[in-house]
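1. When you get a sec, could you give me coordinates for this:
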Amino acid sequence: MQHTEVERFLDLKLVLSPERSISVPAKLAYRSDDPYAVHITFHVGSAAPVNWTFARELLVEGVFRPCGHGDVRIWPTKVAGQNVICMALTSPDGDALMEAPAAAVSAWLERTMRLVPPGTEVERLGLDDALAKLLAPTVREACDDLWLSDPWPSDESGAN
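-> Prediction:
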């Protein structure tokens, strides 16, 4: 099965205080071989980018209403008259509040849902194929079966 990736580069805002934020380049990525997840890479000026992965369903719901708990919380709002999606991210390294343009995120999510419609994700995982390969007898097992069978009758079979 062919795997496809849907990417979108955009500038998010890292909210530092109610009156101050900075622009952060980010990449949204969705892979058909990882159909339940969305991946966001933030380029924050450090040696390595910061990567977050969470459920696509969470981001879809967050476009419409507040959702999530724990490490990832998402909700829609307006900032300076613009529709944005807020993402509150919590990790051992710290907390971040990101604002993303709602129209760009929604358009990207639409593309991911055309690629893998909600409810069809399990078909993309290839679980049936993987399970068949896992349970298929190997050549060695076939040889072991021959070795373990008794090709020669034993002397104790009672034939004299």
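2. quick one: the spatially most central residue of the chain and residue 45, what's the gap?
-> With distances taken as C-alpha atoms, centre = their mean, residue 37 lies nearest the centre of the chain, 2.2 Å away. Residue 37 sits at a distance of 25 Å from residue 45 (criterion: C-beta to C-beta, to the nearest Å). (Glycine included, C-beta is placed from N, CA and C.)
3. Ok, residue 38 next?
-> Relative to residue 45, and taking C-beta to C-beta, residue 38 is found at 23 Å.
4. likewise residue 29?
-> Relative to residue 45, and taking C-beta to C-beta, residue 29 is found at 20 Å.
5. Neighbour count for these two, which is higher?
-> Taking neighbours as other C-beta atoms under 10 Å, residue 29 and residue 45 compare with residue 29 leading, 20 against 9.
6. For the more buried one, give me its contacts.
-> 5, 6, 7, 38, 39, 40, 41 (C-beta atoms under 8 Å, 6 or more residues apart in numbering).
7. element containing the residue nearest to it when sequence neighbours are not counted, please.
-> Excluding its sequence neighbours, the residue lying closest to residue 29 (C-beta to C-beta, 6 or more residues apart in numbering) is residue 39, at 4.4 Å. Assigned by DSSP states H and E, residue 39 belongs to strand 37-42.
8. List the contacts of that strand.
-> 12, 24-31, 49-56, 59, 98, 112.
9. ditto for stretch 47-60
-> 30, 35-44, 67-68, 71-72, 74, 85, 89, 105, 109, 112-113, 118.
10. Mind listing what's buried along the helix ranked longest in the chain?
-> In the chain, with assignment by DSSP state H, the single longest helix is helix 102-115. Of all the residues in helix 102-115, those buried under the rule 16 or more other C-beta atoms under 10 Å are 102, 104, 105, 106, 108, 109, 112, 115.
11. now do stretch 2-10
-> 6, 8.
12. could you give the mean pLDDT of that stretch?
-> Averaged across stretch 2-10, pLDDT comes to 89.
13. what does it rub up against?
-> In contact with stretch 2-10 (C-beta under 8 Å, 6+ apart) are residues 25-33, 100-101, 104, 107-108, 111-112, 115.
14. again, only using 10 Å
-> 24-35, 38-41, 43, 100-101, 104-105, 107-116, 124, 126 (C-beta atoms under 10 Å, 6 or more residues apart in numbering).
15. picking that back up, so what pairs up with the residue nearest to residue 29 in the strands?
-> Counting by DSSP bridges, residue 39 is bridged to residue 29, residue 53.
16. How much space separates it from residue 17?
-> 28 Å.
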